[in-house]
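In: Coordinates for the following, if possible.
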Amino acid sequence: MKKTFKCEVDCANCAAKMEEAVKKIDGVESVRVNFMTQKLMLEAADDVFDSVLDAAVKACKKVEPDCEIEL
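Out: The predicted structure follows:
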């Protein structure tokens, strides 16, 4: 399953750090955090997508605590 979410991120460097953090999560097939469009694209298997998404949100908050991801 591939889904795109609105993601408020402050700078391109933070977006890159968030992307690297999410890539390390088990079950993530692909991830893209785009600073210019303020979007997060996440791809993971259907059966684990919700748990991967929760872990991705937590990983992004660790990198940038004021990051907002609209689910």
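In: What are the boundaries of the helices in the chain?
Out: 12-23, 49-63 (DSSP state H).
In: For residue 29, find the nearest of these.
Out: Closest to residue 29 of the helices of the chain, according to CB to CB: helix 49-63, at 9.0 Å. Any C-beta I mention is one placed from the backbone N, CA and C, and that applies to glycine too.
In: okay, the angle between the closest one and helix 12-23?
Out: 140 degrees (axes from the mean of the first three to the mean of the last three CA atoms, to 10 degrees).
In: could you redo the helices of the chain as a markdown table and give each row mean neighbour count, mean pLDDT and distance to residue 4?
Out: A markdown table is the format used below for these (neighbours: other CB atoms under 10 Å; pLDDT from 0 to 100; distance: least, CB to CB, whole Å):
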| stretch | mean neighbour count | mean pLDDT | distance to residue 4 |
| --- | --- | --- | --- |
| helix 12-23 | 18 | 96 | 14 |
| helix 49-63 | 18 | 96 | 12 |
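In: What distance do you get for the residue of the chain most remote from its centre to residue 54?
Out: Taking CA atoms, centre = their mean, the residue of the chain most remote from its mean C-alpha position is residue 47, at 17.8 Å. From residue 47 over to residue 54 the distance is 14 Å, taken as CB to CB, to the nearest Å.
In: cool, residue 36 as well?
Out: For residue 36 relative to residue 54 (CB to CB), the value is 26 Å.
In: cool, and residue 11?
Out: Counting by CB to CB - residue 11 and residue 54 are separated by 24 Å.
In: And residue 35, by the same measure?
Out: For residue 35, the distance to residue 54 - CB to CB - is 23 Å.
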